[in-house]
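Undergrad: What shape does this take:
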Amino acid sequence: MSVIKIPYGREILKLEIEPEHLKAVLEPESKAVAKKEEADIVRQALAEPIASPRLSELASKVHRVLLITSDHTRPLPSKITMPILLEEIRNNNPEIQIKILVATGFHRLTRPEELIARFGQKLCDKEDIIVHDSRDKKHLVFKGILPSGGELWLNNLVDWADLIVAEGFIEPHFFAGFSGGRKSILPGIAGTATVLANHCAAFIASENARTGNLQDNPIHRDMLFASETVGLAFILNVALDADKKIIRAVAGHPDKAHRLGCDFVSRRAIVRRQLADIVITSNGGYPLDQNIYQAVKGMTSAETCVREGGVIIMVAACEDGHGGEAFYRWFAEAKSPQEVTAKISNIAQKDTLPDQWEAQILARVLTKCTVILVSNFCNPEVVRAMHMLQAPDIATALTMAREKMGKKAQITVIPDGVSVIVTD
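TA: Down below sits the predicted model:
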């Protein structure tokens with residue numbers, strides 16, 4: 001038997017498949033990079049910024065710095081990166097004012113205990129940390145019109161700051177191309193109306209709004225415009241391995257440094273499509289598999305490899321359930337995924353509804369194949385209402401899939417669906 005490890009929540013599950021039924025295992029390049037301490041990788045990137053003066057130099061000339069960071073859904077190792085960034089900012093200007101803004105985008109607000117888990121108690125007690133709320137209009141400021149025609153509303157702390165800096169991590173993203181860089185601004189600290197305009201049905205349906213692609217990507221175009229308009233001056237972005245350890249860091253110019261990081265991630269992440277009757281994948285475990293909403297990301301990698309009418313087995317703990325009431329209602333109140341697609345396709349950009357983009361993508365996946373969610377946390381009634389099946393473990397899910405596709409069905413496994421870019 002072939003034994004494959006699949007991330008699930010905070011643990012690793014073991015999947016056993018007969019070699020004759022295993023079509024392929026698709027994983028990022030496993031070639032090791034030079035072994036360095038994670039902190040040393042970060043410090044070296046800050047010491048050698050790309051197309052930018054050093055951050056300590058930029059900070060020496062200002063009074064107020066807004067430092068934007070990722071929220072609870074991202075595995076950014078801020079316990080390592082944030083203290084180093086703060087040290088760099090204060091190096092030549094110890095009295096500088098710093099506010100740390102948590103970029104929640106359209107997600108729920110990050111909880112106090114999640115902030116402590118992310119930064120550590122000591123840093124939380126010492127620093128001024130604000131959690132962005134996209135729905136709080138009194139803390140938003142208008143910054144112009146996006147290339148798409150949508151209004152650009154951002155957290156008003158951008159007007160408080162003399163210097164805007166962002167930290168993040170880069171991985172393939174299922175419609176923005178890659179995470180990191182400009183995403184700290186849009187959707188990170190944007191208002192609801194701006195996020196909705198950027199995530200409209202026409203953009204999500206675009207063939208250019210796909211994993212690993214920035215070229216002519218309408219969603220990326222808006223994001224980059226927002227970043228440039230607000231004056232994001234400096235980024236620190238990291239790339240992580242399967243153990244969520246830092247293997248590369250880039251710092252400096254928000255676009256040029258980000259693109260260099262994307263190139264590094266892309267070279268490691270590209271895998272060749274292997275069509276199969278059954279595709280098994282995950283969202284890479286915690287924190288990205290906290291709910292069904294986030295799990296859609298991993299499903300899109302499997303979508304590219306599953307045959308029409310096949311089965312995707314999605315391994316995701318989903319301890320937070322569906323992840324969004326509006327997202328859930330799209331399916332619970334529809335007779336079929338096709339109905340969801342039809343309704344969303346007719347919604348104009350100015351009328352974009354909360355979470356319709358995630359529903360649009362999940363509906364696309366469900367129209368092509370059956371999805372079995374492996375979770376022993378999520379309410380089975382919720383899963384059924386969203387037109388999926390549920391299994392308590394991988395073995396049960398595989399039995400269910402084989403009942404539909406046959407005992408000799410070919411299987412492709414993508415252990416971490418959000419870590420790869422599937423190409424022809």
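
Undergrad: in the sheet, who's paired with the closest residue to L76 other than its chain neighbours?
TA: Once flanking residues are discounted, L76 sits nearest to S70: 4.3 Å by Cβ to Cβ, 6 or more residues apart in numbering. For glycine as for every other residue, the C-beta is placed from the backbone atoms N, C-alpha and C. The bridge-partner assignment for S70, based on DSSP bridges, gives A103.

Undergrad: pLDDT score assigned to S70?
TA: The score at S70 is 95. That number is its pLDDT.

Undergrad: What count of nearby residues applies to it?
TA: 26 (other Cβ atoms under 10 Å).

Undergrad: Is it in contact with A103, as I believe?
TA: Yes: the pair S70 and A103 qualifies as a contact (Cβ atoms under 8 Å) at a distance of 6.1 Å.

Undergrad: between those two, what contacts are shared?
TA: Taking Cβ atoms under 8 Å, 6 or more residues apart in numbering as the contact rule, the neighbours common to S70 and A103 are S184, G188.

Undergrad: Which positions within the helix or strand hosting D125 qualify as buried?
TA: Secondary structure assignment for D125, by DSSP states H and E: helix 121-126. By neighbour count, and taking 16 or more other Cβ atoms under 10 Å as the criterion, the buried residues in helix 121-126 are L123.

Undergrad: by contact count, what packs against whichever helix or strand comes after it?
TA: Going down the chain from helix 121-126, the next helix or strand is strand 128-131, by DSSP H and E. Using 3 or more Cβ pairs under 8 Å, 6 or more residues apart in numbering; DSSP states H and E as the contact test, the elements touching strand 128-131 are strand 97-103, helix 112-119.

Undergrad: model confidence over the first one, on average?
TA: Here strand 97-103 scores 98 as its mean pLDDT.

Undergrad: What is that strand packed up against?
TA: If contacts are counted by 3+ Cβ pairs under 8 Å, 6+ apart, strand 97-103 sits against strand 64-70, helix 78-90, strand 128-131, helix 157-160.

Undergrad: Please report how far I100 lies from I41.
TA: Using Cβ to Cβ, to the nearest Å, one obtains 21 Å as the distance from I100 to I41.

Undergrad: So for the two, which residue has more residues nearby?
TA: With neighbours defined as other Cβ under 10 Å, I100 and I41 compare such that I100 has more, 23 against 20.

Undergrad: does the more buried one really touch I129, like I thought?
TA: Yes: using Cβ under 8 Å, I100 is in contact with I129, at 4.6 Å.

Undergrad: I247: helix or strand, and which one exactly?
TA: Taking DSSP H and E as the definition, I247 sits inside strand 246-252.

Undergrad: wait, isn't I4 in contact with P19?
TA: No: checked against Cβ under 8 Å, the pair I4 and P19 is beyond contact range at 11.3 Å.

Undergrad: neighbour count winner among the two?
TA: For I4 and P19, the more surrounded residue by other Cβ under 10 Å is I4, and the numbers stand at 18 against 7.

Undergrad: quick one: average confidence on whatever helix or strand D40 lives in?
TA: Secondary structure here is read from DSSP H and E; on that basis D40 sits in helix 38-47. Mean pLDDT, computed over helix 38-47, is 97.

Undergrad: Next: stretch 232-244.
TA: The predicted model assigns stretch 232-244 a mean pLDDT of 94.

Undergrad: Could I have the CA atoms of it written out in CSV?
TA: Written as CSV, here are the backbone C-alpha positions of stretch 232-244 (Å, rounded to 0.1, in the frame of the first residue of the first chain):
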residue,chain,number,x,y,z
LEU,A,232,2.2,51.2,0.4
ALA,A,233,5.9,51.8,0.6
PHE,A,234,7.5,48.6,1.8
ILE,A,235,6.7,44.9,2.2
LEU,A,236,8.1,41.9,3.9
ASN,A,237,6.7,38.7,2.4
VAL,A,238,7.8,35.2,3.2
ALA,A,239,7.4,31.8,1.5
LEU,A,240,6.7,28.8,3.7
ASP,A,241,7.3,25.0,3.4
ALA,A,242,4.9,22.2,4.2
ASP,A,243,5.7,22.6,7.9
LYS,A,244,4.8,26.3,7.7
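
Undergrad: Now do that stretch: distance to the chain's middle.
TA: Counting by Cα atoms, centre = their mean, to the nearest Å, stretch 232-244 is centred 12 Å from the centre of its parent chain.

Undergrad: T110 reaches T69, doesn't it?
TA: No: in this structure, T110 sits apart from T69 without contact. The criterion is Cβ under 8 Å, and the distance is 9.9 Å.

Undergrad: domain assignment for this protein?
TA: Each structural domain of the chain that the record assigns through automatic domain parsing is listed here as a residue range: 2-26+274-423, 38-268.

Undergrad: thinking again about what came up before, same list, the helices and strands packed on strand 97-103, but as CSV with distance to K368 please.
TA: As requested, the helices and strands packed on strand 97-103 are arranged in CSV below (distance: least, Cβ to Cβ, whole Å):
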stretch, distance to K368
strand 64-70, 31
helix 78-90, 37
strand 128-131, 37
helix 157-160, 41
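
Undergrad: Out of these, which is closest to A117?
TA: For A117, the closest of the helices and strands packed on strand 97-103 is helix 78-90, at 9.0 Å, according to Cβ to Cβ.

Undergrad: which residue ranges form the strands in the stretch 301-424 of the chain?
TA: Remark: strands of the stretch 301-424 of the chain, listed N- to C-terminal, are 306-315, 370-374, 389-391, 411-414, 421-423; assignment by DSSP state E, counting those that start in this stretch.

Undergrad: Most tightly packed of these?
TA: Of all those, strand 411-414 has the most neighbours on average by mean count of other Cβ atoms under 10 Å, namely a mean of 26.

Undergrad: just checking, what packs against that one?
TA: Taking 3+ Cβ pairs under 8 Å, 6+ apart as contact, the helices and strands that strand 411-414 lies on are strand 11-17, strand 22-25, strand 276-282, helix 292-303.

Undergrad: State the paired neighbours of that strand in the sheet, together with their directions.
TA: Strand 411-414 sits in its sheet next to strand 22-25 (parallel), strand 276-282 (parallel), going by DSSP bridges.

Undergrad: Highest mean neighbour count across those strands, which stretch is it?
TA: Among the strands paired with strand 411-414, the stretch with the highest mean neighbour count (mean count of other Cβ under 10 Å) is strand 276-282, at a mean of 28.

Undergrad: What would that strand look like as PDB? C-alpha coordinates only.
TA: Listed in PDB are the C-alpha atoms of strand 276-282, where the atom choice follows Å, rounded to 0.1, in the frame of the first residue of the first chain:
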ATOM      1  CA  ALA A 276      -8.400  10.900 -12.400                       C
ATOM      2  CA  ASP A 277     -11.900   9.700 -11.300                       C
ATOM      3  CA  ILE A 278     -11.200  10.600  -7.700                       C
ATOM      4  CA  VAL A 279      -9.100  13.400  -6.400                       C
ATOM      5  CA  ILE A 280      -8.200  13.700  -2.700                       C
ATOM      6  CA  THR A 281      -6.900  17.000  -1.400                       C
ATOM      7  CA  SER A 282      -6.800  19.300   1.700                       C
END
